[in-house]
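Q: This is a predicted model, with the sequence first.
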Amino acid sequence: MQVVFPLRYAIKPDTGEAVDGMLDISVDFTLHKYLGPEYLAIDFGTSAVAVAFEGDPINLGLRDAKGSPCLLDLNNFLRTPLSMNPQAGTRLMPSICCLHPMQEENLKLNRLGDAGFIHLPMHWGAVGEDWDLAIPYLKMLMGAGLTEVPLPDRIEYLDWEGEKTHGNPSLQGVVLSAYKALREQYIETYLRDSKRLEVWDKLIVTYPNTFTFTQVKFLRRVLRQAFPDKDPLVLISESDAVANYYLSIEPNLRSGKDQIRQKEYILIYDIGAGTLDLTYLCVEREERSKTPQRISYKAKMGVPIAGNHLDIRLAYLLDRRLRAIEEDAMRREISFRYESKIVGVGQHWKPRDMFNLWLSILQFKASYAKDPEATTISLNLGPINIKAGSPIIKIEDFLKDSDFYGEHGLFSRKDEQLGDCYFIDIPTRELKEDTGIERWVHFLTEEVILEFSKNSS
């Protein structure tokens, strides 16, 4: 098989005009080592974790009716009933994690680099009184090139040597703990129960196209520590993984050999929570052959603006609504206070400061996805009697001014986890009319594609 890698170059001499162009590097190779059927794949995404294990379809029981690999249902193995799970009802698990609460009996679990250092997924305490234990967006921290994870100075834990310390732990240690927690507390539990633990020896892990060579090398080093017994260890970009999956099932999508084109161009558009990943490739086959004879990767690109940007736009929209309610309340002398501004000075929203709101936005999006024809969707503004931190809104006498709050879509209701909470109805037309959301959609569906087309000719 032959793979062609495009290389764009630019030569800028000290004198004269610059010269640029494209160079194709062709590599002929033969695959000598087949991964085999018993491999495990991990996608530790910005907002969710997905794991798949492909093995014997007769004995494994992890395949659907069509014989496709199924995701491990990690939700069956949540460590405690306190675990936060906005992905309930799916085979995904939230990827945002946190440290264990700082009770003395838990301190021995908090050795940096061990599975016990991390609570995966984040527990409900991190939404309330222990919110500063949360460690959001590990993949984003790696992509930002950080070497440490910022934590409040009050948090104590055990360092690599087991000595009590505080301050910012190393990013390598935190990521290592997260992968060890995923392996020991979920993956191996599942495979042990399904009697497939012994045959698992191969690992595939995805990474976004935004990662540099150094960041991929960092991830490989961490995975070697978390999975020292797994060989081969294969790292593949997320959009390339989608391309490989498409090529594996592509012949089955056609009703006959006459539909198999000898040459086709494929664009992979993979939008996740933290990144948008694109791969553009050309597949060539011999006449009537299902197996590709030549795969040419024309271009790849990663964009660090994706699904999470919608969370920010929703937070801005909510901020405008609450400011308008507060102004109306002041005019009518009603004791409503927009206590903790979601968007502060400089128009920046810090989701770490309001994880209960971040969770509410996830639930809001899930509700909208289930019922896109709904005219209003309710969003949780947090507990009425918050135990720690400042509430988003403060109301002295809700019943006295219930008509006012009804006009603005504010009401109270019991939440299963958080107790009595304030909710606000958001008309879905406001989402469709929001200029920020409109610009975000335009950027991802038009500007990115146009720029990608220029670079890939």
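A: Received the coordinates, thanks.
Q: And residue 151, how close does it get to residue 95?
A: Distance of residue 151 to residue 95, computed by CB to CB, to the nearest Å: 18 Å. Where C-beta positions appear, they are placed from N, C-alpha and C, glycine not excepted.
Q: Between the two, point out the one with more neighbours.
A: Using other CB atoms under 10 Å as the criterion, residue 151 and residue 95 rank with residue 95 on top: 25 against 18.
Q: and the more buried one, what is it in contact with?
A: By CB atoms under 8 Å, 6 or more residues apart in numbering, the contact set of residue 95 is 44-49, 120-121, 137-139.
Q: Then residue 4?
A: Residues near residue 4 by CB under 8 Å, 6+ apart: 24-27, 294, 296-297.
Q: can I get those residues in TSV with distance to residue 157, pLDDT and secondary structure?
A: Shown next, in TSV, are these (distance: CB to CB, whole Å; pLDDT from 0 to 100; DSSP: H, G, I helix; E, B strand; the rest coil):
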residue	distance to residue 157	pLDDT	secondary structure
24	50	76	strand
25	47	74	strand
26	51	72	strand
27	46	65	strand
294	52	85	strand
296	49	86	strand
297	43	83	strand
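Q: could those be laid out in JSON lines, adding distance to residue 395?
A: Formatted as JSON lines, those follow (distance: CB to CB, whole Å):
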{"residue": "24", "distance to residue 395": "66"}
{"residue": "25", "distance to residue 395": "65"}
{"residue": "26", "distance to residue 395": "68"}
{"residue": "27", "distance to residue 395": "66"}
{"residue": "294", "distance to residue 395": "67"}
{"residue": "296", "distance to residue 395": "62"}
{"residue": "297", "distance to residue 395": "57"}
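Q: Quick one, which of those residues are buried?
A: The neighbour-count test (16 or more other CB atoms under 10 Å) marks 294, 296-297 as buried among these.
Q: just checking, residue 175 touches residue 138?
A: Yes. Using CB atoms under 8 Å, residue 175 makes contact with residue 138 at a distance of 5.7 Å.
Q: what about residue 162, is that helix, strand or coil?
A: coil (DSSP: H, G, I helix; E, B strand; the rest coil).
Q: now it: how far from residue 117?
A: 12 Å.
Q: Between these two, which is the more surrounded one?
A: For the pair residue 162 and residue 117, the greater number of neighbours falls to residue 117 (24 against 11), based on other CB under 10 Å.
Q: what residues are up against that one?
A: Shown in contact with residue 117 (CB under 8 Å, 6+ apart): 99-100, 109-111, 157, 173-174, 177, 181.
Q: For it, which non-adjacent residue is closest in space?
A: Excluding the flanking residues, the one nearest residue 117 by CB to CB, 6 or more residues apart in numbering is residue 177, at 4.0 Å.
Q: For residue 209, give me phi and psi.
A: Main-chain dihedrals, residue 209, degrees, to the nearest 10: phi -70, psi -20.
Q: Per-residue pLDDT of it, please?
A: Note for residue 209: predicted pLDDT of 92.
Q: Tell me how many other residues surround it.
A: 19.
Q: thinking again about what came up before, so what pLDDT did the residue nearest to residue 117 get?
A: Here, the pLDDT recorded for residue 177 equals 93.
Q: My guess is it contacts residue 118. True?
A: Yes. Assessed by CB under 8 Å, residue 177 is found in contact with residue 118 at 4.3 Å.
Q: and the closest residue to residue 154 other than its chain neighbours, what does it touch?
A: In space, and not counting its chain neighbours, residue 154 is closest to residue 166: 7.2 Å by CB to CB, 6+ apart. Applying CB under 8 Å, 6+ apart to residue 166 gives the contacts 153-157.
Q: State the distance from residue 166 to residue 155.
A: From residue 166 over to residue 155 the distance is 6 Å, taken as CB to CB.
Q: thinking again about what came up before, which one of residue 175 and residue 138 has more residues nearby?
A: A count of neighbours by other CB under 10 Å puts residue 175 above the other of residue 175 and residue 138, at 26 against 22.
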